[in-house]
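# Fold the following, please.
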Amino acid sequence: MLKNITKIVIVIFLFSCKSENIENDPILNQDFLVQVESFQQTEEDLGCSGLIPNVKPTGDFKTLIWSDEFDNDGQVCDKNWYAEIIPPNNGSWWNNELQYYTDDRKNLRVEDGLLKITALRESYKGKEFSSARIVSKDLFDFMYGRVDVKARLPKGGGTWPAIWMIGSNFDEVNWPRSGEIDIMEYDYYRKDKIHTTVHMANENGDHVYFTSIKNDISNVSEEFHVYSLEWTSNELIFLIDNVIVYSFKNSPTYPFNQKFFLILNVAVGGNFVGNRVDTEFSEGVMEIDYVRVYK
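Prediction:
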């Protein structure tokens with residue numbers, strides 16, 4: 001409310017200063033409009049960005065430094081995320097996935113206080129499925145802290161939803177040297193089994209990973225659960241609904257001592273789900289209530 005009042009006062013002040021000549025002076029009129037438009041854009045930027053101003057982290061994971069609550073219907077906030085729509089692997093995605101990622105509203109939208117990433121069976125640019133993948137790369141990254149993501153996972157055999165992170169030096173060193181932290185991966189064929197995994201390169205540069213599968217998380221496609229990571233220089237702790245499901249000891253030689261960015265997506269098919277999709281699958285939606293980062 002205070003911001004709206006401030007905006008009105010500034011507009012009135014500017015108009016009163018220039019009202020004598022504004023109607024007959026196109027240059028003055030243009031200057032006035034630019035000032036007002038610039039101010040309004042600043043207001044929108046502040047309202048959209050997930051960065052919490054003037055934070056002073058306490059180091060106990062209780063200080064919120066960034067969040068997206070998905071309260072504004074429409075597209076995702078472009079200060080927090082962008083949609084990856086250009087296939088990186090010679091016209092396809094990795095892992096033998098079958099979808100084409102788009103930024104179309106049918107695949108990616110914010111609605112009713114939720115982020116909705118929808119995988120669809122449809123012919124799209126040579127693929128049999130479409131979906132969406134958003135990343136915070138070059139917009140927000142961080143080192144150490146706690147991540148909470150409240151989500152309801154899609155139904156349908158062959159869907160592969162994921163909440164995960166990649167090292168921000170990815171463009172320089174590539175994967176797996178960049179490191180990867182999978183807070184949540186889910187294969188609908190293996191119901192109620194949530195995967196948490198860390199990926200990195202060994203001394204020879206070969207891919208190695210360490211994973212855990214939690215077997216008793218029920219109703220993940222019917223109810224919202226909170227998938228979390230607590231990350232320090234000593235350990236990566238994975239939690240579901242605040243219950244620890246896996247811990248991994250960090251080391252100075254591992255890639256988990258640098259900034260990482262966030263990724264949210266729903267793949268279709270691929271190695272993780274056994275390279276198969278249920279013939280009756282037509283649509284699956286991952287709904288996310290919020291993403292929050294604490295330090």
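# and the closest residue to G157 other than its chain neighbours, what are its phi and psi?
Ranked by C-beta to C-beta, 6 or more residues apart in numbering and with sequence neighbours excluded, the top spatial neighbour of G157 is D278, at 3.5 Å. Where C-beta positions appear, they are placed from N, C-alpha and C, glycine not excepted. Note on D278: its backbone torsions stand at phi -60, psi 130 [degrees, to the nearest 10].
# Over to D71?
Per degrees, to the nearest 10, the residue geometry at D71, taken as phi and psi, is phi -90, psi -20.
# Tell me who's in contact with it.
Taking C-beta atoms under 8 Å, 6 or more residues apart in numbering as the criterion, D71 is in contact with G113.
# in which helix or strand would I find A267?
The secondary structure element spanning A267 is strand 260-268 (assigned by DSSP states H and E).
# C-terminal to that strand, what's the next element?
strand 283-294.
# Determine the angle, from 0 to 180 degrees, between that next one and strand 260-268.
Here the directions of strand 283-294 and strand 260-268 differ by 170 degrees (axes from the mean of the first three to the mean of the last three C-alpha atoms, to 10 degrees).
# Within the sheet, what are the partner strands of strand 283-294, with directions?
The partner list of strand 283-294 in its sheet, established with DSSP bridges, is strand 64-68 (antiparallel), strand 114-124 (antiparallel), strand 145-152 (antiparallel).
# returning to that earlier point: and the residue nearest to G157, how far is that from D192?
Taken as C-beta to C-beta, to the nearest Å, the spacing of D278 relative to D192 amounts to 17 Å.
# When the two are compared, which one has more neighbours?
Under the criterion of other C-beta atoms under 10 Å, the comparison of D278 against D192 puts D278 first, with 16 against 13.
# got the contact list for the more buried one?
G156, G157, G158.
# Which residue ranges of the stretch 1-150 of the chain form helices?
Using DSSP state H, counting those that start in this stretch, the helices of the stretch 1-150 of the chain run over residues 2-18, 26-48.
# thinking again about what came up before, just the mean pLDDT for the strand holding A267, thanks.
The predicted model gives strand 260-268 an average pLDDT of 98.
# repeat for stretch 154-161
This predicted structure assigns stretch 154-161 an average pLDDT of 98.
# Other residues contacting it?
Stretch 154-161 is touched from outside by 97-98, 117, 119, 151, 153, 184-189, 221, 265-270, 272-273, 276-278, 281-286, with contacts defined as C-beta under 8 Å, 6+ apart.
# Stretch 233-253 too?
With contacts defined as C-beta under 8 Å, 6+ apart, stretch 233-253 is touched by 144, 181, 183-184, 194, 196, 198, 210-212, 214, 217, 225-232, 256-257.
# Now do the domain split for this protein, please.
Taking automatic domain parsing as the criterion, the chain consists of the domains 2-48, 64-294.
# Compare those domains and give me the one nearest N54.
Within the domains of the chain, the stretch nearest N54 is domain 64-294; the backing value is 10.6 Å (C-beta to C-beta).
# ends of that closest one, how far apart?
Its start and end residues considered, domain 64-294 measures 4 Å (C-alpha to C-alpha, to the nearest Å).
# tell me which helix or strand of this structure sits lowest on mean pLDDT?
The element with the least model confidence among the helices and strands of the chain, by mean pLDDT, DSSP states H and E, is helix 2-18, at a mean of 36.
# pull the CA atoms of stretch 83-100 into PDB?
Taking only C-alpha atoms (Å, rounded to 0.1, in the frame of the first residue of the first chain), the coordinates of stretch 83-100 have been written out as PDB:
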ATOM      1  CA  ALA A  83      12.900 -21.300 -19.500                       C
ATOM      2  CA  GLU A  84      15.400 -23.400 -21.300                       C
ATOM      3  CA  ILE A  85      14.000 -24.100 -24.800                       C
ATOM      4  CA  ILE A  86      17.000 -24.800 -27.000                       C
ATOM      5  CA  PRO A  87      18.100 -28.500 -26.900                       C
ATOM      6  CA  PRO A  88      21.800 -28.600 -25.900                       C
ATOM      7  CA  ASN A  89      22.600 -32.100 -27.200                       C
ATOM      8  CA  ASN A  90      22.600 -31.900 -31.000                       C
ATOM      9  CA  GLY A  91      19.000 -31.100 -31.200                       C
ATOM     10  CA  SER A  92      17.900 -33.200 -28.300                       C
ATOM     11  CA  TRP A  93      18.100 -33.300 -24.500                       C
ATOM     12  CA  TRP A  94      20.300 -35.600 -22.400                       C
ATOM     13  CA  ASN A  95      19.500 -39.000 -21.000                       C
ATOM     14  CA  ASN A  96      17.500 -40.100 -24.000                       C
ATOM     15  CA  GLU A  97      14.600 -38.000 -22.900                       C
ATOM     16  CA  LEU A  98      11.600 -37.700 -25.200                       C
ATOM     17  CA  GLN A  99      10.200 -34.300 -24.500                       C
ATOM     18  CA  TYR A 100      10.800 -30.900 -26.100                       C
END
